[in-house]
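# Requesting a structural model of the entry that follows:
(2 chains)
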Number of protein chains: 2
Amino acid sequence: MKKLNASIITIGDELLIGQTIDTNSAFIAQEFNKAGIWVQRRVAVGDVYGDIWKALDDETAISEIVIVTGGLGPTADDITKPLLCKYFGGTLVENEQVLKHIIYLFEHIYQRKGPLLESNRKQAEVPDTCTVLMNERGTAPGMWFQKMVNGMERVIVSLPGVPFEMKGLIEKEVLPRLLKTFSTQVIIHQTLLTAGIGESMLAEKIKEFEEALPAHVKLAYLPHYGMVRLRLTSTGDNKKELEKEIEGLFGQLKELVKEWLVIDEDLTLPQAVAKLLKERKQTVGTAESCTGGYIAHLLSRDPGSSIVFKGSIVSYDNQVKMDLLGVNQNILDMAGAVSEETVKQMAKASLELLKTDYTVATSGIMGPDGGSEHKPVGLVWVAVASKNSVQAKKFNFRFDRTRNIEQTAISALDLLRKEILKA
Amino acid sequence: MKKLNASIITIGDELLIGQTIDTNSAFIAQEFNKAGIWVQRRVAVGDVYGDIWKALDDETAISEIVIVTGGLGPTADDITKPLLCKYFGGTLVENEQVLKHIIYLFEHIYQRKGPLLESNRKQAEVPDTCTVLMNERGTAPGMWFQKMVNGMERVIVSLPGVPFEMKGLIEKEVLPRLLKTFSTQVIIHQTLLTAGIGESMLAEKIKEFEEALPAHVKLAYLPHYGMVRLRLTSTGDNKKELEKEIEGLFGQLKELVKEWLVIDEDLTLPQAVAKLLKERKQTVGTAESCTGGYIAHLLSRDPGSSIVFKGSIVSYDNQVKMDLLGVNQNILDMAGAVSEETVKQMAKASLELLKTDYTVATSGIMGPDGGSEHKPVGLVWVAVASKNSVQAKKFNFRFDRTRNIEQTAISALDLLRKEILKA
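You can find the predicted model right below:
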């Protein structure tokens, strides 16, 4: 079976001037990948007629499936729908079902009074050459086109750029229809997460394994904030055989990297920590200074977090450290807010206040200002407390503020993970 | 003066299977835009020789500047450097300066013992047809190529994909050199942020203004989580004239949307709130349940946050609400954790504990589980407390967990903003 290829075209000046980060493409790529569709190219173009037209020409020439997102809002800078109409040779007609849905949304959901605006009514217009994909989550419908290019069938789907709406359409309409239209190849991934070893050193350790991999299995290194994910990808026709083969290879790989293995699943570090705690029926809280609540956010953003995460005391200001966490003036005067003594006290006090099995505490200088000769930007103290012990560790990061916050959170969670495993 | 166009090519399978969100392109686009370089296309391709080659052909055909990121790591799946060498017709040679830098990094910064790995040594190899751009922040150097395509000068720059390293190279090497090589047009943006009005209604209100704009001025609508940013972009040669003109237009626009205006700068809502508080020399803290520390994170992630943000009590668990914030069992039994009574008590108690001028409190059901008939997923209570008042507001969101958390944070910060302005 031939590999099924897709391209993603995102439309909008906001992507090209960097005002918006494109998260839509990553979502589509993930979902397609799981379904055995390989996204081979992603292209972003501005709200420029000729550029959009050219992108359609280019991508339909190489991919069986082309997903277009954006350019369908109610405002005047949108040129996509008339273009699609011309590209696929049709005329714009008002779709009754879409119009009813728009009226329903405005009356019952958005609770807007007064008559429907002309710009919203126009959202019900679609080229008569497309199949309409109903968008439950918003006013702009999806549009499904089929076209022969160089004697081969192509599917082109236009979707709104609002992530919540685009996601609903991909899941409920686009993927089911694609799987009916095409037969897909099997793609299998196995991913593990390592910490404490660099990309090049890791590559050295698994060099022979990598060289011996069969041609249809690829190994990828995905470094991210001091951690490296390793991903094995296998492609073929027989799902069972592929699964059996990759299971064996993945087992070998885990054995080779066991010293640095965080988890043998495609999970983030916060998810891996939550899983460990769930298995042990234990709980965690945080006492954060420099991370300002970011670790609490990481521990609470996934569904089901409340089983393991209880709460946090964010003591960004020293007065809060004193008032709520019992860090006394003497410690602050002698050792300072960024010190072993301070983070240990923060961790111990929050353990009692939050009544958890573990707490994580952070204090550091994230920059760009606030550094000194003895305590430069990037200096961070992290502590992990449990009933029986308090461990503290010093880090020296050399990054910008955003990355220092991220790296501190990751380092703190990894220290927590190790303490959990010790117990 | 002709518009100066750029393309960005990002290399890496991780972008195409959705395992990584591309933030590099947004950064490059922002910086280029400020410098008067228009990014007209962004393309992502996998680690596939032919696809990378084709992308170079395509983009050098249309853009004066092509930035390539990724594919330069020390591991075996990288094919970019040999490809660049062939594409620009040179041979790989070991660069002495780069090698010295790599050895220095491993010895003094990474503190790795033992001899340099072959894979790291190879990072010092560069095509002899390029100008080496020293990467202070990592081992992979940037490479600057110049080439004539159809009789026109093209600059192609290859950069490592690690965001921190890429950013350093763009700022210190690439932009200064580009501005020496090309003369650029002036691009000016003016952006404002609105809340409480939808995109289509906003468009209706400013329709005449928009239609009367001169051809070289564009208006863009950037909706994001219930807020809409409006951006005016002007392009031309005479900076002073453009500035004067856009100042007048921006003034008209502000007047038209003043009812919904949050701030007349390109700031996020947390930044706008922080600015208001700074001007008033006031402080803020949070008491968060369903947002789990996310609002605290938003208020502490920007430089200089400590002037206005003092701390937070994240009471994810009801026990923490009772123990630390004085929410009593009676309230939890009668009204529940997601109620006006609970959030008001959380806001009042944290105001005293954190000793701030304002606090924001949240409690809600973020989903996907935990909803009931009377309290469905998406139900959120938000409160803002100050010395003189406690205001609470109920919201009903209809989104997925991630967006519910984001939308709750934005709604809470907007309620805070309004309370600050009332005082």
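# worst-scoring helix or strand of chain A, pLDDT-wise?
Lowest by mean pLDDT, DSSP states H and E among the helices and strands of chain A is helix A:13-16, with a mean of 80.
# In chain A, which residue sits furthest out from the middle?
In chain A, the residue that sits farthest from the middle, by Cα atoms, centre = their mean, is residue A:330; the gap is 43.2 Å.
# returning to what we had before: elements contacting the least confident helix or strand of chain A?
Where contact means 3 or more Cβ pairs under 8 Å, 6 or more residues apart in numbering or on different chains; DSSP states H and E, helix A:13-16 is packed against strand A:37-45, helix B:24-34, strand B:37-45, strand B:217-224. C-betas here are computed from N, CA, C, even on glycine.
# which outside residues touch that helix?
The set of residues external to helix A:13-16 that reach it, using Cβ atoms under 8 Å, 6 or more residues apart in numbering or on different chains, is A:20, A:22, A:44-47, A:70, A:77, B:25-26, B:29, B:38-42, B:218, B:220, B:222, B:233.
# Ramachandran angles for residue A:182?
Taking degrees, to the nearest 10, you get phi -120, psi 150 for the backbone angles of residue A:182.
# re earlier: so among the contacts of helix A:13-16, which ones count as buried?
A:20, A:22, A:44-47, A:70, B:25-26, B:29, B:38-42, B:218, B:220, B:222, B:233 (16 or more other Cβ atoms under 10 Å in any protein chain shown).
# Show me what counts as buried in the helix or strand encompassing residue A:54.
Residue A:54 is located in helix A:49-62, with elements delineated by DSSP states H and E. For helix A:49-62, a neighbour-count test (16+ other Cβ under 10 Å) marks A:51, A:52, A:54, A:55, A:56, A:58, A:59, A:60 as buried.
# swap in stretch A:62-75?
By 16+ other Cβ under 10 Å, the buried positions in stretch A:62-75 come out as A:63-75.
# One more: stretch A:23-39?
A:24-29, A:31-33, A:36-39.
# Only alpha carbons, please: show that stretch as PDB.
Once non-C-alpha atoms are left out, stretch A:23-39 reads as follows in PDB (Å, rounded to 0.1, in the frame of the first residue of the first chain):
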ATOM      1  CA  THR A  23      -0.800  25.300  17.200                       C
ATOM      2  CA  ASN A  24      -3.400  24.100  14.700                       C
ATOM      3  CA  SER A  25      -0.800  22.400  12.500                       C
ATOM      4  CA  ALA A  26       0.600  20.400  15.400                       C
ATOM      5  CA  PHE A  27      -2.900  19.200  16.300                       C
ATOM      6  CA  ILE A  28      -3.800  18.100  12.800                       C
ATOM      7  CA  ALA A  29      -0.400  16.400  12.300                       C
ATOM      8  CA  GLN A  30      -0.900  14.400  15.500                       C
ATOM      9  CA  GLU A  31      -4.400  13.300  14.600                       C
ATOM     10  CA  PHE A  32      -3.500  12.400  11.000                       C
ATOM     11  CA  ASN A  33      -0.400  10.600  12.200                       C
ATOM     12  CA  LYS A  34      -2.400   8.400  14.500                       C
ATOM     13  CA  ALA A  35      -4.700   7.600  11.600                       C
ATOM     14  CA  GLY A  36      -1.800   6.600   9.300                       C
ATOM     15  CA  ILE A  37      -1.700   9.800   7.200                       C
ATOM     16  CA  TRP A  38       1.800  11.300   6.800                       C
ATOM     17  CA  VAL A  39       1.900  15.100   6.800                       C
END
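# That one: how far from the chain's middle?
Distance of stretch A:23-39 from the chain centroid (Cα atoms, centre = their mean, to the nearest Å) equals 12 Å.
# Check stretch A:158-175 too.
17 Å.
# contacting residues around residue A:229?
Counting by Cβ under 8 Å, 6+ apart, residue A:229 makes contact with A:191, A:192, A:193, A:194, A:221, A:222, A:223, A:266, B:19.
# Mind doing that once more with 10 Å?
Residues near residue A:229 by Cβ atoms under 10 Å, 6 or more residues apart in numbering or on different chains: A:191-194, A:220-223, A:262, A:266-268, B:14, B:19-20.
# Tell me the strands beside the helix or strand in which it is found, with direction?
Assigned by DSSP H and E, residue A:229 belongs to strand A:227-236. Paired strands of strand A:227-236, with direction, are strand A:186-195 (antiparallel), strand A:217-224 (antiparallel) (DSSP bridges).
# and the shortest one, what's its mean pLDDT?
Within the predicted structure, the mean pLDDT of strand A:217-224 is 82.
# chain center to that strand: distance?
Between the centre of strand A:217-224 and the centre of its chain there are 17 Å (Cα atoms, centre = their mean).
# quick one on the thing from earlier: does the residue farthest from the centre of chain A fall in a helix, a strand, or a coil region?
Following DSSP: H, G, I helix; E, B strand; the rest coil, residue A:330 is assigned to helix.
# pLDDT weak spots in chain A?
Within chain A, the segments meeting pLDDT under 70 span A:1-2, A:74-78, A:111.
# Show me the longest helix that occurs in it.
helix A:401-422 (DSSP state H).
# Quick one: distance of that helix to the chain centre.
Here the centre of helix A:401-422 is set off from its chain's centre by 19 Å, with Cα atoms, centre = their mean.
# Residue A:18 belongs to a helix?
No - going by three-state DSSP, the assignment for residue A:18 is coil, not a helix.
# got the contact list for it?
B:23, B:25-34, B:39, B:42 are the contacts of residue A:18 under Cβ under 10 Å, 6+ apart.
# ok so, going back, and the strands paired with strand A:227-236 as JSON lines, adding distance to residue B:94?
Below are those laid out as JSON lines (distance: least, Cβ to Cβ, whole Å):
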{"stretch": "strand A:186-195", "distance to residue B:94": "30"}
{"stretch": "strand A:217-224", "distance to residue B:94": "23"}
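# closest one to residue B:201 among the ones you listed?
strand A:217-224 (41.1 Å; Cβ to Cβ).
# Let me see the ranges of the helices in the stretch 101-250 of chain A.
With helices called from DSSP state H, counting those that start in this stretch, the stretch 101-250 of chain A shows them at A:118-121, A:163-169, A:175-181, A:199-205, A:207-211, A:239-256.
# what about the nearest residue to residue A:345 once chain neighbours are set aside, is that helix, strand or coil?
Residue nearest to residue A:345 in three dimensions, not counting chain neighbours: residue A:327, with 4.9 Å by Cβ to Cβ, 6 or more residues apart in numbering or on different chains. Of the three states, residue A:327 takes coil according to three-state DSSP.
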